[in-house]
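Enquirer: quick one, fold the following:
(one chain, ligands or ions: 1)
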Amino acid sequence: MPGRTARVTAVDTYDIRFPTSRGLDGSDAMNPDPDYSAAYVVLRTDAEGGPEGHGFAFTIGRGNEVQVAAIHALRHHVVGRSVEEVCADPGTLYRDLVGDSQLRWLGPEKGVLHMAIGAVVNAVWDLAAKRAGKPLWRLLAEAEPEWLVGQVDFRHLTDALTPGEALDLLRRGRRGAAERTARLLEGGYPAYTTSPGWLGYDDDKLTRLAARAVADGFRQIKLKVGADLDDDVRRCRVARSAVGPDVRMAVDANQRWDVAEAIRWTRALAEFGPYWVEEPTSPDDVLGHAAIRRAVAPVKVATGEHVPNRIVFKQLLQADAVDIVQIDAARVGGVNENLAVLLLAARYGVPVCPHAGGVGLCELVQHLSMFDYVALSGTTEDRVIEYVDHLHEHFLDPVVIREGHYTAPTAPGFSAAMRPESIARYTYPGGAFWAADPGGTRNTAEDRARDGTRERDGTASETAKGRAV
Ligand SMILES: [Mg+2]
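Expert: Numbers count the residues shown, from 1 in each chain. You can find the predicted model right below:
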């Protein structure tokens with residue numbers, strides 16, 4: 001039908017869980033047995049032969065169904081929208097989602113609902129980049145600064161960053177962008193790896209993986225710490241001797257400590273030269289981070305993977321509480337809010353070293369750092385993206401690491417799409433993997449009783465197909 005407007009026709013959701021807890025992959029001081037999971041969303045349209053938009057929130061197992069339900073609760077904002085309009089201006093949808101007058105009570109702008117907004121908004125950006133025929137980093141880097149400023153919600157930010165200041169940063173950031181794009185395509189973006197340092201790994205595995213990381217070209221590794229100080233001293237010594245004096249070694253406490261304990265513990269590890277201490281205490285404790293930072297220098301303080309929104313990032317920067325900003329692609333309200341955080345970091349001159357790993361977080365966040373390099377901060381100095389070598393095989397456009405660098409994606413989109421066969425196999429609880437599971441570490445009697453009820457109700461197969469609306 002000529003002139004027909006293509007619209008979003010469905011917001012399909014999937015509860016996808018991977019049994020990572022069984023190998024202690026991803027284990028840290030606060031999260032000893034994560035099952036890396038995605039509350040996954042597909043935006044379908046009636047554009048003939050047109051692409052779908054894919055996005056997800058990352059969780060670590062139980063509660064993923066709550067995250068899925070939160071995404072489902074947003075569908076009325078999305079279904080029926082013009083595909084062209086929503087892709088030309090994702091910021092309008094983002095503001096509508098954040099501003100929902102009833103759902104807002106569940107935040108505002110934090111937690112499960114806000115992560116759901118992030119999943120939907122990121123799916124729109126995936127759709128927009130696919131329609132533009134560009135990888136997302138390139139779509140952002142080539143966008144007009146005025147348009148990018150229009151994608152940011154400056155509410156509650158203007159005491160630190162005004163639209164005019166953001167515009168100046170973006171205009172300045174574009175100078176030399178073509179050369180940086182060429183350099184990025186040639187050499188990629190620096191990465192560091194957390195793969196050697198999970199808390200559940202023994203010293204032999206730590207040594208082997210740390211040495212391999214250096215041989216693979218990484219110039220920084222990271223160790224999980226915070227469960228037992230004597231163990232941490234031993235593990236840091238083992239890791240330092242495996243990587244030598246010149247490779248950076250960060251430590252990550254995953255919020256385990258109170259402020260005084262964070263200071264004491266970090267000082268006790270100082271002889272091993274940690275580059276940064278990550279999430280030393282509660283992500284909400286701005287002043288606590290500031291106190292820790294003053295006390296542990298020259299060890300740097302990093303946080304961000306659990307910082308719920310741009311306003312808390314603003315405070316961390318205003319209070320001189322962090323040396324490193326760690327954005328997460330799937331924690332805040334999607335690309336739009338991460339643009340705000342990148343601009344804030346640029347305004348304060350603080351490097352951004354994203355959190356990644358989990359499932360699909362590397363695939364997403366590389367685009368934001370690459371945009372930042374090409375068209376905002378203009379540098380990769382002291383900037384690295386976290387890399388973890390788990391679960392990439394489930395993605396259609398997985399990250400490619402070469403000599404310790406992320407290779408710039410060239411396929412159109414946000415690299416968010418999972419393989420259909422992986423979605424089918426790992427959908428919980430009805431997918432082939434979980435349905436055949438004999439009862440693993442986290443599949444409790446209670447789970448099995450509930451799953452039995454679902455199967456009798458027929459709801460398990462509905463979940464396995466995804467829920468169309
Ligand atoms: Mg961390």
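
Enquirer: tell me the contacts of the residue in the chain that the ion sits nearest to?
Expert: Nearest to the ion, among the residues of the chain, is Asp252, at 4.4 Å (Cβ to the ion). Just so you know, the C-beta spots here come from the backbone N, C-alpha and C atoms, and that holds for glycine as well. Contacts for Asp252 (Cβ atoms under 8 Å, 6 or more residues apart in numbering) come out as Asp28, Thr194, Gly197, Lys222, Leu223, Lys224, Val225, Val277, Glu278, Glu279.

Enquirer: how about Phe18?
Expert: Asp35, Tyr36, Ser37, Val359, Leu391, His394, Tyr426.

Enquirer: the last one and Ala436 touch, don't they?
Expert: Spelled out, that is Tyr426. No: Tyr426 is not in contact with Ala436 according to Cβ atoms under 8 Å; the separation is 11.7 Å.

Enquirer: please identify which of those two sits among more neighbours.
Expert: For Tyr426 versus Ala436, neighbours defined as other Cβ atoms under 10 Å are more numerous around Tyr426 (26 against 8).

Enquirer: just the pLDDT for the more buried one.
Expert: Looking at Tyr426, its pLDDT reads 97.

Enquirer: list the residues that contact it.
Expert: Residues near Tyr426 by Cβ under 8 Å, 6+ apart: Ile16, Arg17, Phe18, His394, Phe433, Trp434.

Enquirer: quick check: the gap between it and Ala38.
Expert: Distance, Tyr426 to Ala38, by Cβ to Cβ, to the nearest Å: 9 Å.

Enquirer: overlap in contacts of these two?
Expert: In contact with both Tyr426 and Ala38: Ile16, using Cβ under 8 Å, 6+ apart.

Enquirer: give me the subset of the contacts of Asp252 touching the ion.
Expert: Filtering the contacts of Asp252 for proximity to the ion by Cβ under 5 Å from the ion leaves Glu278.

Enquirer: between the contacts of Tyr426, which has the most around it?
Expert: Counting by other Cβ under 10 Å, Ile16 has the largest number of neighbours within the contacts of Tyr426, with 27 neighbours.

Enquirer: so it, which state does it fall into?
Expert: Under DSSP: H, G, I helix; E, B strand; the rest coil, Ile16 falls in the strand class.

Enquirer: run through the bridge partners of it.
Expert: Beta bridges link Ile16 to Ala38, Thr427, judged by DSSP bridges.

Enquirer: quick one: contacts for it?
Expert: Ile16 neighbours (Cβ under 8 Å, 6+ apart): 37-40, 56, 64, 359, 418, 422-423, 426-428, 431.

Enquirer: apply 10 Å and report the result again.
Expert: Residues near Ile16 by Cβ atoms under 10 Å, 6 or more residues apart in numbering: 36-40, 56, 59, 64, 68, 359-360, 394, 418, 422-428, 431, 466.

Enquirer: for Glu381, same thing?
Expert: Going by Cβ under 10 Å, 6+ apart, Glu381 touches Pro190, Pro351.

Enquirer: are we agreed that it is in a helix?
Expert: No: assigned with three-state DSSP, Glu381 falls outside any helix and is coil.

Enquirer: where is pLDDT lowest across the contacts of Asp252?
Expert: Lowest pLDDT among the contacts of Asp252: Asp28, 78.

Enquirer: make sure that one is actually in contact with Pro34.
Expert: Yes: counting by Cβ atoms under 10 Å, Asp28 does reach Pro34; the two are 8.3 Å apart.

Enquirer: give me the common contacts of those two.
Expert: Each of Trp198 lies in contact with both Asp28 and Pro34 under the rule Cβ under 10 Å, 6+ apart.

Enquirer: hmm, back to that, what pLDDT does the residue of the chain closest to the ion get?
Expert: For Asp252, the pLDDT comes out at 97.

Enquirer: which residues does the closest residue to it other than its chain neighbours contact?
Expert: Counting by Cβ to Cβ, 6 or more residues apart in numbering, the nearest residue to Asp252 once its immediate chain neighbours are dropped is Glu278, at 3.9 Å. Counting by Cβ under 10 Å, 6+ apart, Glu278 makes contact with 194, 222, 224-225, 250-255, 300-305, 324, 326, 353, 355, 386.

Enquirer: could you check how far Glu278 is from Arg256?
Expert: Note on Glu278: its distance to Arg256, by Cβ to Cβ, is 11 Å.

Enquirer: likewise Glu363?
Expert: 28 Å.

Enquirer: higher neighbour count, these two?
Expert: Using other Cβ under 10 Å, the more surrounded residue of Glu363 and Arg256 is Glu363, with 26 against 20.

Enquirer: the more buried one - that's part of a strand, no?
Expert: No: going by three-state DSSP, the assignment for Glu363 is helix, not a strand.

Enquirer: neighbours around the residue nearest to it when sequence neighbours are not counted, how many?
Expert: For Glu363, ignoring the flanking residues on the chain, the nearest one in space by Cβ to Cβ, 6+ apart is Ser415 at 4.1 Å. If you count neighbours by other Cβ under 10 Å, Ser415 ends up with 25.

Enquirer: before we move on, which element is Thr193 in?
Expert: Element membership of Thr193, judged by DSSP states H and E, is strand 189-197.

Enquirer: equivalent analysis for Glu48, please.
Expert: In the assignment (DSSP H and E), Glu48 maps to no helix and no strand.

Enquirer: now do the strands in the chain.
Expert: 8-17, 37-45, 53-59, 189-197, 220-224, 248-252, 274-278, 300-303, 324-325, 385-387, 401-402, 405-406 (DSSP state E).
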